[in-house]
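1. missing the sequence, but the structure's below:
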């Protein structure tokens, strides 16, 4: 497979748009698009980066999120999804993407005002602790990701 | 008094301990009563498989009684005889460390001295002047173990932390993530439910540098021995690849290949050549899941820059394995459902601890990818993990941040280390001796591929150098390489003060200024799960190496012997002297801390604290219809990852590589380290910097391989358990010293005039070790095999870089890291020579007199080390303890 030519703007726009439409994640960066969608073949040149950046800037559902850490590429300028629900269920298999629903370490508020910190999100095994006076209080709480409680939790930014 | 039965866990597994009158009478496996639900059942090929209703600890677990009453227990706090507490830290006779004897001290004297030195040093140089490091798994339990009591103390005090290197599986951590991700598992693969897959589907098992009966599934005891017997009975063929025809191999192998050490990557390439040229790989899978496969295939068939086809004949020249055998092996693998791997978790074998270990790891992953990794019967799985378990039961392991007293929620307040300076474990001596060190990588780089490439410098900008070292548990003389550089470090006046906190008088303890005697697991309270190193930490869900999940209340079987104390007690008492005692304990006793782990886990929903502590253990049942999450199946079949401990990008169907696919040309290496000559973007076999192509091989023609020990767990058992020395394959007790067995090929032995049982000297420019020769065809002719991580280090001139008679073969291994940007150790890239030893032999281990002197100072009628070793002193020792106990009970 030859290296993708980013100067072909129409093809690039098409590829980036289709990638973003299929992406369930909340954030994205240029390198991710280069490596996962455009076929990579080496480090992107600055012209490639600029071309992708230009296409991303035109995307109505995404905004500049500044520099965010990334476990593969290190800290990078990134973009954040601003509209539309995340696709937390895989259409083909019907399986839940639990880590796209909740972030480990983040805090969520229930309608009754209780605040929970998510401690684990693996397989369909979501766990948290209630946060009281800044402490992780009481026992570990199991939360079924398809339950009403899970659906009602709102992330505290 | 009636016999009491308590339970505990050690690195060998869970045990029941029988005590009578305050002395331990025996230890045994835990046999389940009827209250424990029936075990899982796997149906495969018309048969049903279910585990025995007991735990199957390793034999080392049964040494725990001996370890408690061992001749080399540190009985009292001790201070080096010629240590002088000078006000400026100078002129302290540091050159005598390792040589000098000790005097008995009271706890108050020892702890006051430690606290004074901490305050003096911190005032003079700042908090970063103290460094500390745990050993390799010298104990077990969520409270008393390394990431809990130790971490809480040092983080509160502030110190220069030492980054661990993944010393058991270097190549996998630094290599494999660049091919398939899994950096959060430190390169190791996911083996969930692969026991069932294997029993149902596999036809061939490739055991590459893998001796599971010896390495025992890590902490999983002998649990998986039975599984491999089941596979045997189903007619699965086992192929073992190892320069040493290891103990599992001689029992089970249908075929053994013994490659020349360090050439395994060449064997991978030759296998790939056969598959590519004969079309024996899964082309559809590769088309869908691989990145830049064709470029790599071009390299294999001879169209790469080197223009060398990696034919079986080429492979034969490098590895010594006949080309016909390589071809036959490749065809068998390419035409049958094959699982396998290197080492207990598919990536822990000794081959990963070589100069070319990263490339082997990457190539091995590539081979499994070529055969459709994740499809039924095709996976990286080496028969020692992947049992069914109830994934919905959560109890933490020691590397879980949620299961450490250093952190919330177990503690009310998380302890945070204010010091930003680090050291790197393999190179601590270099940093101390040279006063400067630079390296890449954050030690265990589970947090991201990017962490491998973080630059570090010591001393950190704005920080002072380290002047105090507090060692806790185990001995680096046996587990780190180039032992003599550790000796030189300890003798340096740069280290103004050295503390050693341990149970036994190991080789490294003998270099300390102050020795703090800790007690064994059997003498304190703790809590832990069998083989659970962490459900969210590194090597998540390692307890699938066991047939049962066993959470144990580690009850105190006896009171701490002599004047030893629990590690928690020691840290709490130093913290008190330093002014943060209340903050450290949060007002909790050890038992109350144990209860916190019950409270903050699923254990609380399953069993009351009272019932749990009364019974001593809890076994969560594995439901008959338990969830299956077969490792890698999600990737092969293209649905969101459903295996535990996954990443969000896996839920998008991607691997942890840049492209989300198997990378046959690594984009992450092209991005992060395009100039890395060790890990090239295309993984390739590269002759070792200390191997048969080296100039050095003209002088030192033998390869030393020193894999994980069969008769020890790192350094913890051999030194303290003389009955293990009676095993002829382990050691031979001559003139008061247990000499290690080294295995030599008959042809080479004849050339050297060495006969069975001769004393031999293994030597190179770094040092020499005297061993006993075992002449056997079980080693590749150019190889000498001697088990590594020796718990015994006995230099003939104590405190000097002299010949060792303890079997510490790391005296010979190179301190050099795998590469400039690959900060891994390579003990199996060691060249050396061998000769018959005809010098004098000392009449002891050369350190017992130091212990005897202090022991007799404490109890005039106690037994000497030698009396205990030779079996005359053991009962005497126990009766003394019993008498004390009865006296206490009467009082």
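-> Cool, got the structure. Every value quoted in this text rests on a predicted model; they were computed, and no experiment measured them.
2. next, count neighbours for residue B:796.
-> Using other Cβ atoms under 10 Å in any protein chain shown, residue B:796 has 18 neighbouring residues. The way it works is simple: take the backbone N, C-alpha and C, and place the C-beta from them, glycine included.
3. what sits against it?
-> By Cβ atoms under 8 Å, 6 or more residues apart in numbering or on different chains, residue B:796 lies in contact with B:802-805, B:842, B:846.
4. low-confidence ranges in the chain?
-> Looking at chain A here, since you left the chain open. A:1, A:84-85 (pLDDT under 70).
5. nope, chain B please
-> If you take pLDDT under 70 as the line, chain B has these spans: B:1, B:537, B:872-873, B:889-891.
6. hang on, the earlier thing: what subset of the contacts of residue B:796 is also close to chain A?
-> Applying Cβ under 8 Å from any Cβ of the partner chain, the subset of these adjacent to chain A is empty.
7. just put those residues in a markdown table and tack on neighbour count.
-> Listed next are the contacts of residue B:796 as a markdown table, based on neighbours: other Cβ atoms under 10 Å in any protein chain shown:
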| residue | neighbour count |
| --- | --- |
| B:802 | 17 |
| B:803 | 19 |
| B:804 | 28 |
| B:805 | 28 |
| B:842 | 12 |
| B:846 | 19 |
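8. as a markdown table, these with secondary structure would be great.
-> Below are the contacts of residue B:796 laid out as a markdown table (DSSP: H, G, I helix; E, B strand; the rest coil):
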| residue | secondary structure |
| --- | --- |
| B:802 | coil |
| B:803 | coil |
| B:804 | strand |
| B:805 | coil |
| B:842 | coil |
| B:846 | coil |
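9. contact partners for residue B:73?
-> Neighbours of residue B:73 in contact, by Cβ under 8 Å, 6+ apart: B:503-505, B:517, B:561-562, B:564, B:720.
10. ok, it to chain A distance?
-> 38 Å (Cβ to the nearest Cβ, to the nearest Å).
11. what's the offset of the helix ranked longest in chain B from the middle of its chain?
-> Criterion DSSP state H: the longest helix present in chain B is helix B:107-125. Mean-position distance between helix B:107-125 and its chain equals 32 Å (Cα atoms, centre = their mean, to the nearest Å).
12. now stretch B:124-141
-> 18 Å.
13. try stretch A:28-42
-> 16 Å.
14. check whether it contacts chain B.
-> Yes - using Cβ under 8 Å from any Cβ, stretch A:28-42 reaches chain B at A:31, A:35-36, A:40-42.
15. do stretch A:70-86 as well
-> Yes - Stretch A:70-86 is in contact with chain B by Cβ under 8 Å from any Cβ, via A:70-74.
16. nearest to chain A among the contacts of residue B:73?
-> Distances from chain A to the contacts of residue B:73, taken as Cβ to the nearest Cβ, are shortest for residue B:503 (32.7 Å).
17. the closest one: neighbour count?
-> Neighbours around residue B:503, by other Cβ under 10 Å: 27.
18. how about the residues of chain A near chain B?
-> Residues of chain A lying close to chain B (Cβ under 8 Å from any Cβ) are A:23-25, A:31, A:35-36, A:40-43, A:69-74, A:90, A:92-93, A:95-100, A:119-120, A:122-123, A:125, A:127, A:129, A:135-137, A:139-140, A:142.
19. just the buried ones from the residues you listed?
-> A:23-25, A:31, A:35-36, A:40-41, A:43, A:70-74, A:90, A:95-100, A:119-120, A:122-123, A:125, A:127, A:129, A:136, A:139-140 (16 or more other Cβ atoms under 10 Å in any protein chain shown).
20. which of the residues of stretch A:70-86 next to chain B fall within strands?
-> Among these, no residue falls in strands (DSSP state E).
21. start to end distance for stretch B:555-573?
-> Start and end residues of stretch B:555-573 are separated by 22 Å (Cα to Cα, to the nearest Å).
22. centre of the chain to that stretch, how far?
-> Relative to its parent chain, stretch B:555-573 has a centroid offset of 25 Å by Cα atoms, centre = their mean.
23. list the buried ones in it?
-> Buried-residue list, stretch B:555-573, by 16+ other Cβ under 10 Å: B:555-558, B:560-573.
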